[in-house]
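Participant: Pasting the sequence and the predicted coordinates here, then a few questions.
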Amino acid sequence: MNALVPTAMPLQDMQTLAVAIAKSGLFGIRTPEQALVLMAIAQAEGRHAVEAARDYDIINNRPAKKAEAMLRDFIKAGGTVKWHSLTDELADATFTHPQTGEVRIDWDMKRAQTAFGKKDMYAKFPRQMLRSRVVSEGVRTLWPLATSGMYVPEEQADIPAKDEHNGPTLEASPERQAINDEVPLRAAAAPMPRAPRVTEKPWRSAEGEDADRWEAAEAAAVAAKARAAKRERTDEQWRVWLDKLREALGAVYHRSEVVEIGGRSTVSEAVATGPEWVKAEIASLLAENYARFPNEDEDESALDPETVPA
């Protein structure tokens, strides 16, 4: 029997649900923008958008996939797991997949403390933390597609908040700078002084302090009008902005970069304030580019206890 393919959720419904998910505080997702990006990822992977709240977390402002979600997708893809030990001191399991073979993975408290030091969560929930480490490493080794290109929350919490990735990124690329220059939405949204009404304008003398205040008020009014006009984009201006977003997404090398671009303030603001056709195009671009990396294999050295900072 063929598996049922979930119906794609319309963007407007996703936006409404994203607000509800963020307000509920039930899933660790703090903003509607975070929820919307994760829902687009879930939908791009062929699952219902609502499953994003169940399967993903936001840790240190970065997406993470829960260990049980990784394990579920691994088993769904034909993998099996045999647990040899699952205690507060040791998690040990053999992972098997018909296409990639077999591997045995174990994590104990000594190894965890050597790698990360004494962490509160390892003291409170040692068995669960060790289990998540084993699941992530085993699944990533045999069937990395099940990781969705992410770490489990327990791993993400141990990675410094500042990403020290040394590979190609868009951090200082011309494409990213072009988007920032073209859509300075954060600056445009900043509080600005209201221009005086005609009846409030100070008396304009030929010289002196009153004349300076008059000129300053006039300059502020002109600047406010220019900023407001910049926010009211025409369809053609939106198309230019979308072309720049498309160019930036086309230059990424990893799923994590697609997620990072989707969470930028410029893109979030466009989703919040743009016309419906722009919102739909943004969601389509994010999903399309995320799906470009179906077999992405994360650099396993990032999880090596010898290389992960304490």
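Facilitator: Here it is on my side, so go on.

Participant: which residue ranges form the strands in the stretch 101-250 of the chain?
Facilitator: For the stretch 101-250 of the chain, the strands defined by DSSP state E, counting those that start in this stretch cover 101-108.

Participant: Would you map the helices across it?
Facilitator: 109-116, 120-124, 126-142, 153-158, 174-182, 185-189, 209-231, 235-250 (DSSP state H, counting those that start in this stretch).

Participant: hey, which helix or strand in the chain has the poorest pLDDT?
Facilitator: helix 185-189 (a mean of 45; mean pLDDT, DSSP states H and E).

Participant: still on that earlier bit, which stretch in the helices of the stretch 101-250 of the chain is the model least sure about?
Facilitator: Comparing mean pLDDT over those, the weakest stretch is helix 185-189, at a mean of 45.

Participant: L285 and G250, how far apart?
Facilitator: Taking CB to CB, to the nearest Å as the measure, L285 falls 9 Å from G250. Using the backbone N, CA and C atoms, a C-beta is placed for each residue, glycine as well.

Participant: quick one: which of the two has more around it?
Facilitator: L285 (21 against 11; other CB atoms under 10 Å).

Participant: dump the residue contacts of that one.
Facilitator: L242, L245, R246, L249 (CB atoms under 8 Å, 6 or more residues apart in numbering).

Participant: hang on, it in a strand?
Facilitator: No: applying DSSP: H, G, I helix; E, B strand; the rest coil, one finds L285 to be helix, outside a strand.

Participant: Use 14 as the first number for this chain going forward.
Facilitator: Noted, 14 is the first residue going forward, which turns the last one into L298.

Participant: Would you mind measuring from it to I274?
Facilitator: L298 sits 9 Å away from I274 when distances are taken as CB to CB.

Participant: Same check on R226?
Facilitator: R226 is 44 Å from I274, by CB to CB.

Participant: And for V165?
Facilitator: Counting by CB to CB, the gap from V165 to I274 is 23 Å.

Participant: quick one, which of the two is more surrounded?
Facilitator: Using other CB under 10 Å, the more surrounded residue of V165 and I274 is V165, with 28 against 23.

Participant: just checking, that one touches V147?
Facilitator: No: applying CB atoms under 8 Å, one finds V165 not in contact with V147, separated by 10.2 Å.

Participant: now stretch 285-299: mean pLDDT?
Facilitator: pLDDT averaged over stretch 285-299 gives 85.

Participant: Equivalent analysis for stretch 96-108, please.
Facilitator: On average, the pLDDT along stretch 96-108 is 95.
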